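Novice: Give me a model of this one.
(one chain, ligands or ions: 1)
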Amino acid sequence: MRGEVAVIGGGIAGVLSARLLAQLGYEVTLFEKSGRLGGCAGSFSRGKFPFNIAATTIGGLFPGFPVERIFQLLCLCPQERVNLTVSVPTFWIKANEEEAYLTPFEEDLLTVLINFCRMKPKPAKKLLKDIKFSLSGLFHDPYFHLNGAKSKLKTLLYLTPLILNHGIYYRKSALPYLKEITQNDIHPLTLKLFNALSLITAQAPLEEVSVFTLHLALGYSLTGVGTVKEGNEALFSYLADGFDFFLNTPVEEIGFSEKEKVFILKVGKERLLFERVVCAIPVLENYNIFSDELIRKYLRTYEKLVSPFSAITLYGVIKNYEPKASHCLLLTAETLDGHTSGNYLVSLLPVNLEGETTYSFTLSTHTPIEFWRRYLNDKESYRTKKEELSKGLKKLLLSELSLEESQLEIFDLATPITFNYYLNRMSLGGIPVTLSNSIWKVPGNLSPRTGLYLLSDQTLFYQGWIGISLGLLNLYRWWEDAGF
Ligand SMILES: Cc1cc2nc3c(=O)[nH]c(=O)nc-3n(C[C@H](O)[C@H](O)[C@H](O)COP(=O)(O)OP(=O)(O)OC[C@H]3O[C@@H](n4cnc5c(N)ncnc54)[C@H](O)[C@@H]3O)c2cc1C
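Specialist: From the prediction side, this is the model:
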């Protein structure tokens, strides 16, 4: 054994980093506040029905993409142990009477650009070529360690090929680029779809993102997007092997002893000492957990980067239904009084019931956080708002998916207040990847204290499986070079 490490938080970031450190020979203990692993990407069951909590898709599974590289690094093949398969088609997109399919195949993306987005073949082909080019940027491990002259220089050298190749797309704004390649001929459906995909991938609307981000958003299905049929919890149980983890065990405070150079974790009545800690919680919303003013001050400077969006998620069951894809993206004008973006992602999991085609679903949509703070101390209005939204979303589902009332059963609705209660976060995505958030403006995975590493969707770029895998590859590269 090479020493003891604490990992705080059992979401994607915590579980993947704990597994990697255990594989590297460290004795790892993971502390998770809630009653299950997975965080926003976990799942729960109600009777025989599994429900993914928020993240329903696992992108980057094709060779060379970040999640596949992480699984390789961990010598894992989850596909052999859980029903993780790349979804074909990946997304069924519906906007009123119009529909389209995104799949892992380039030809289908081209068809969507031409038929659904009404792009002329020449600009559509140019866009597809550019998307593939930008996606190849994900084959590159990041190395963003901008503290210290030596590390700055190394980062620069390491990133030079990437900057030379893709730099122009990092700095250029997506909308003028689209106007340029289409010669100002942009159909409203293009804007609607691109805006929805940009919000889902980068937590930012189309007008704020760079060309690179737009490309990644449009090319997401080409990275190999999978679903775990039995719900994501099965995947987390598989990943959580080789290290100790404690559920329902929140870390209440993280201190640092200058004299002994150890971190002091307050867990219940105990104070536990660790030389190294991976903090895998949404740190920008939880920096008060640090009693060490150096870290607090450091993280506070990034607080403004927290995404202004959260999510509303509706859970339920659809009976006697033949879905067109595992994920339906509904582009509508219904924002439920401004509480939602008008875009709804309905992700389905099959439930084996005799003779019936039954699916449990998670419907998710963006919601501005500012709408919800008022309900933190007003339980009565909150309950009324929840009921109102639940009814509104049910009505929307019935009409959008052409369902009979008897086919649809609603189980529950989660709001930013729910997520705050269970997962210590209201913002439910990573740092918005906008033109103004460049690499030196995000916290990154190192911290001002040697031995304290930061890994969550609030530290590097992009969120979810792909973003966190990039962050972990970043840390791995640092550990290889500088030691743990
Ligand atoms: C509606 C929605 C849909 C999404 N869809 C996708 C998708 O399809 N694909 C995708 O890749 N990404 C998706 N994302 C993004 C993705 O869910 C997140 O980026 C990712 O799950 C974040 O993982 P994390 O480990 O950084 O943080 P979290 O998931 O927040 O995990 C942190 C964990 O730390 C625990 N914790 C917090 N405080 C403490 C403490 N003091 N002590 C101990 N434990 C603590 C929490 O309980 C939690 O389990 C989606 C997000 C949302 C909101």
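Novice: Pull the distance from stretch 96-108 to the chain's centre.
Specialist: 22 Å (Cα atoms, centre = their mean, to the nearest Å).
Novice: Does that stretch reach the ligand?
Specialist: No: with Cβ under 6 Å from any ligand atom as the measure, stretch 96-108 is seen stopping short of the ligand, the closest distance being 13.3 Å. (Each C-beta comes from the backbone N, C-alpha and C, glycine too.)
Novice: What residues of that stretch count as buried?
Specialist: Buried residues in stretch 96-108, counting neighbours by 16 or more other Cβ atoms under 10 Å, are found at 100-104, 108.
Novice: same check, this time on stretch 127-137
Specialist: Judged by neighbour count (16+ other Cβ under 10 Å), stretch 127-137 contains these buried residues: 127-128, 130-131, 134-135, 137.
Novice: Now the buried residues of stretch 96-108 in TSV, please, with extra columns for secondary structure, pLDDT and distance to Leu396.
Specialist: Shown next, in TSV, are the buried residues of stretch 96-108 (DSSP: H, G, I helix; E, B strand; the rest coil; pLDDT from 0 to 100; distance: Cβ to Cβ, whole Å):
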residue	secondary structure	pLDDT	distance to Leu396
Ala100	strand	98	20
Tyr101	strand	98	21
Leu102	strand	98	21
Thr103	coil	98	25
Pro104	coil	98	29
Asp108	helix	98	27
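Novice: If we ignore the residues flanking it in sequence, what's nearest the residue in the stretch 351-484 of the chain that the ligand sits nearest to?
Specialist: Using Cβ to the nearest ligand atom, the point where the stretch 351-484 of the chain gets nearest to the ligand is Gly464, with a distance of 2.1 Å. The shortest distance from Gly464 to any non-neighbouring residue, by Cβ to Cβ, 6 or more residues apart in numbering, is to Ala55 (5.5 Å).
Novice: Enumerate the residues of the stretch 201-350 of the chain near the ligand.
Specialist: Counting by Cβ under 6 Å from any ligand atom, the positions of the stretch 201-350 of the chain adjacent to the ligand are 250-251, 280-282, 286, 289, 311, 313.
Novice: Apply 5 Å and report the result again.
Specialist: Taking Cβ under 5 Å from any ligand atom as the criterion, the stretch 201-350 of the chain approaches the ligand at residues 250-251, 281, 311.
Novice: Show me just the buried residues among these.
Specialist: Buried by 16+ other Cβ under 10 Å: 250-251, 281, 311, out of those.
Novice: which stretch of helix or strand covers the closest residue in space to Lys33 that isn't next to it in sequence?
Specialist: If the residues on either side of it in the chain are set aside, Lys33 comes closest to Pro250, at 3.8 Å by Cβ to Cβ, 6+ apart. Secondary-structure element containing Pro250, defined by DSSP states H and E: none, the residue being outside all helices and strands.
Novice: For Pro250, list the residues it contacts.
Specialist: Contacts here follow Cβ atoms under 8 Å, 6 or more residues apart in numbering; on that basis Pro250 touches 31, 33, 267.
Novice: Shouldn't the second one be within a strand?
Specialist: I take that to be Lys33. No: according to DSSP: H, G, I helix; E, B strand; the rest coil, the state of Lys33 is coil, so it is not within a strand.
Novice: Let me see the confidence value for it.
Specialist: According to the predicted model, the pLDDT of Lys33 comes to 97.
Novice: these two touch, right, it and Asn420?
Specialist: No: when contacts are counted by Cβ atoms under 8 Å, Lys33 is not listed as touching Asn420 (12.0 Å).
Novice: any residues in contact with both of these two?
Specialist: Taking Cβ under 8 Å, 6+ apart as the contact criterion, no residue touches both Lys33 and Asn420.
Novice: isn't Arg83 right up against Val228?
Specialist: Careful, residue 83 is Asn and not Arg. Yes: judged on Cβ under 8 Å, Asn83 makes contact with Val228 at a distance of 6.2 Å.
Novice: now the farthest one out in this protein, which residue is it?
Specialist: Relative to the average C-alpha location in the chain, and by Cα atoms, centre = their mean, no residue lies farther out than Lys259, which sits at 38.2 Å.
Novice: Quick check: that one vs the ligand, distance?
Specialist: Going from Lys259 to the ligand by Cβ to the nearest ligand atom, to the nearest Å gives 25 Å.
Novice: Work out for me the element that residue sits within.
Specialist: Take DSSP H and E as the rule and Lys259 turns out to sit in neither a helix nor a strand.
Novice: let's have the chain start at 280 instead
Specialist: OK, 280 is where the count begins now, so the last one is Lys538.
Novice: Just to be sure, which of the buried residues of stretch 406-416 are found in helices?
Specialist: In helices, judged by DSSP state H, the following of the buried residues of stretch 406-416 are found: 406-407, 409-410, 413-414.
Novice: picking up where we left off before, with neighbour numbers in mind, choose between Asn362 and Val507.
Specialist: In this view Asn362 and Val507 are compared by other Cβ atoms under 10 Å, and Val507 has more residues nearby, 23 against 16.
Novice: Arg704 and Tyr661, how far apart?
Specialist: Noted for Arg704: a distance of 18 Å to Tyr661, by Cβ to Cβ, to the nearest Å.
Novice: Have a look at the two and say which one is more surrounded.
Specialist: Neighbours per residue (other Cβ under 10 Å) separate Arg704 from Tyr661, with Arg704 holding more: 23 against 16.
Novice: so how far is stretch 343-357 from its chain's centroid?
Specialist: If you compare the mean C-alpha spot of stretch 343-357 with that of the full chain, they lie 17 Å apart, counting by Cα atoms, centre = their mean.
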